[in-house]
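> Structure of the sequence below:
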Amino acid sequence: MALLLQDHEVRRLLTMEQAIEAVEGAFRALAHGEATNFPKQRSTAPGVAFNMLCSSLNALDVAGVKCYPIVRQDVT
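This next block holds a predicted model:
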């Protein structure tokens, strides 16, 4: 089941200390081959870039994806 979180929801649910602990744990799992982390993928077109990052942590049976666009417009 997918769970979609917006930035303000993450800030409400997770302290900075918890976030740092989670990132450190994820890097340990990655070092031990228990997690995957794929390089950022970017697709571009005139005036827009679409970015996607994804990873998984086998021990917790979870995967995550972050997708976001960057739109550039001339403002006159």
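
> quick one: the helices in this structure?
With DSSP state H, the ranges of helices along the chain come out as 7-13, 16-31.

> Now do the same for residue 54: its pLDDT.
In this model, residue 54 is scored at 94, pLDDT.

> So what's the residue count around the closest residue to it other than its chain neighbours?
Sequence neighbours aside, residue 65 is the residue nearest to residue 54 in space, at 4.6 Å (criterion: C-beta to C-beta, 6 or more residues apart in numbering). To be clear about C-beta, it is placed using only N, CA and C from the backbone, and glycine gets the same treatment. Neighbour count for residue 65, taken as other C-beta atoms under 10 Å: 12.

> Tell me the pLDDT of residue 2.
At residue 2, pLDDT is 77.

> what's the first-to-last distance across stretch 32-50?
31 Å (C-alpha to C-alpha, to the nearest Å).

> chain center to it: distance?
Relative to its parent chain, stretch 32-50 has a centroid offset of 9 Å by C-alpha atoms, centre = their mean, to the nearest Å.

> Residue 5 and residue 50, how far apart?
19 Å (C-beta to C-beta, to the nearest Å).

> quick one: contacts for the residue nearest the centre of the chain?
By C-alpha atoms, centre = their mean, the chain has its centre lying nearest to residue 66, at 4.0 Å. Listed by C-beta atoms under 8 Å, 6 or more residues apart in numbering, the contact set of residue 66 reads 51, 52, 53, 54.

> before we move on, back to that, what would the helices of the chain look like in JSON lines with mean pLDDT, distance to residue 58 and mean neighbour count?
Putting these into JSON lines (pLDDT from 0 to 100; distance: least, C-beta to C-beta, whole Å; neighbours: other C-beta atoms under 10 Å) gives the following:
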{"stretch": "helix 7-13", "mean pLDDT": "91", "distance to residue 58": "23", "mean neighbour count": "9"}
{"stretch": "helix 16-31", "mean pLDDT": "93", "distance to residue 58": "8", "mean neighbour count": "12"}
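
> Since that was my last question, I'll sign off now.
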